[in-house]
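Colleague: pasting the sequence and the predicted model now:
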Amino acid sequence: MRHSNPYFTRRRTLTAMALAGLSLTSWAQAQGTDFPSKTITFSVPFAAGSATDQLARALALAITAETKQPVVIDNKAGASGMLSAQTVARAAPDGYTVLITTNTTHAANEHLYKKLPYDPVKDFAPITGLGKGGQVLVVNASAPYQNVGDLLAAAKKAPGKLSFGSGSSSSRVAGEMLKQLAGVDILHVPYKSNPLAITDLLGGQIDLMITDTSTGVPQIKAGKLHALGYSTRKRSAQLPDVPTIEEAGVKGYDMGYWFAAYAPAGTPPAVVNKLNQLLTRATQSTGAKAFFDMAGSEAWTTTPDELAKFQAAETQKWGKVIKAAGIEAE
């Protein structure tokens, strides 16, 4: 008859319990049932105060209120969003680092730069679309231009003398599209974010820009900037008296933008789905609705698969626009 050693029996029991614990933890993670159990970080590719930042903060507050877990904002402005995108691409695929971004990082950059430090498709797990909106063509309130026609006439009279700023690819391509369709030569001045470009526009260092409405409208309403045209084919509810750029005479002009959320590639599908649910509900929160109303944009949510397909179509569209605008990859 064999007598068991109490020491080894206890050791086997503890080992079994530990393995069971690990198994349960892994199962819970795979099912997303324990998510989130700690702080989530929203990485934002643009500066504090930008449209993407404002939306991210509204979503963060809503998710914190629902889950009781903190959601912090990590602004990594610069390099057309590449710093933030690269950070998330390299983050642990556990759902606790989320990229709140735009078409800049996930549709335009691959056509604007010869080499990216991330792959917009392979390095990410799409979560959901977040919103869509348009941009507004603005000049300093003291500028002599009363409408788009005045501005373009001045640009044609003095090729290369006027300058436009941009702090995102949406803003950049919108300006380049205006040049291409109107047949004018306007100097491009790059910025790390649209708010920084607005500062120089107010200071007279640049002559115009096409910016997201959440950045431009407060300055327009304060009387510091003058709105000449809206970038999509439908007027902004916030600026109903401002004609679209196409209405103002630039035929075929239509350039909007979109927000979306991505996790690192390899994030468990159950966690992605949980994030999808949290973010979808967050877009309907009071804070998010206030942002969309203020920005003149609207909530737009998708399934992960729908976002992947939309991104593919948008990437092709932006590629054609960038090529037609004659923008050379840097």
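Modeller: Looks like it came in fine. Residues are numbered from 1 along each chain as shown.
Colleague: break this structure into its domains for me.
Modeller: The chain breaks down into these domains under automatic domain parsing: 40-133+257-324, 135-230.
Colleague: kindly check the end-to-end length of the shortest one for me.
Modeller: Its start and end residues considered, domain 135-230 measures 6 Å (Cα to Cα, to the nearest Å).
Colleague: chain center to it, what's the gap?
Modeller: Centroid separation for domain 135-230 versus its chain: 20 Å, with Cα atoms, centre = their mean, to the nearest Å.
Colleague: which parts of the stretch 101-250 of the chain are helices?
Modeller: Listed in chain order, the helices of the stretch 101-250 of the chain (DSSP state H, counting those that start in this stretch) span 103, 109-112, 148-157, 169-182, 194-203, 213-221.
Colleague: give me the angle between the third one and helix 169-182.
Modeller: Just to be clear, that refers to helix 148-157. Using axes from the mean of the first three to the mean of the last three Cα atoms, to 10 degrees, the inter-axis angle of helix 148-157 relative to helix 169-182 is 70 degrees.
Colleague: out of the helices of the stretch 101-250 of the chain, flag the one nearest Thr301.
Modeller: When those are compared by Cβ to Cβ, helix 103 sits nearest Thr301, at 16.1 Å. C-beta coordinates here come from the backbone N, C-alpha and C atoms, glycine included.
Colleague: coming back round to it: can you tell which of the domains of the chain is closest to Lys251?
Modeller: Here domain 135-230 is closest among the domains of the chain (Cβ to Cβ), at 7.1 Å.
Colleague: hang on, the earlier thing: okay if I get the domains of the chain as a markdown table plus distance to Thr33 and mean pLDDT?
Modeller: Output for the domains of the chain, formatted as a markdown table (distance: least, Cβ to Cβ, whole Å; pLDDT from 0 to 100):
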| stretch | distance to Thr33 | mean pLDDT |
| --- | --- | --- |
| domain 40-133+257-324 | 8 | 95 |
| domain 135-230 | 36 | 94 |
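Colleague: in this protein, which spans are strands?
Modeller: With DSSP state E, the ranges of strands along the chain come out as 40-44, 71-75, 97-102, 124-133, 135-140, 163-166, 187-190, 208-212, 225-230, 257-264, 298-299.
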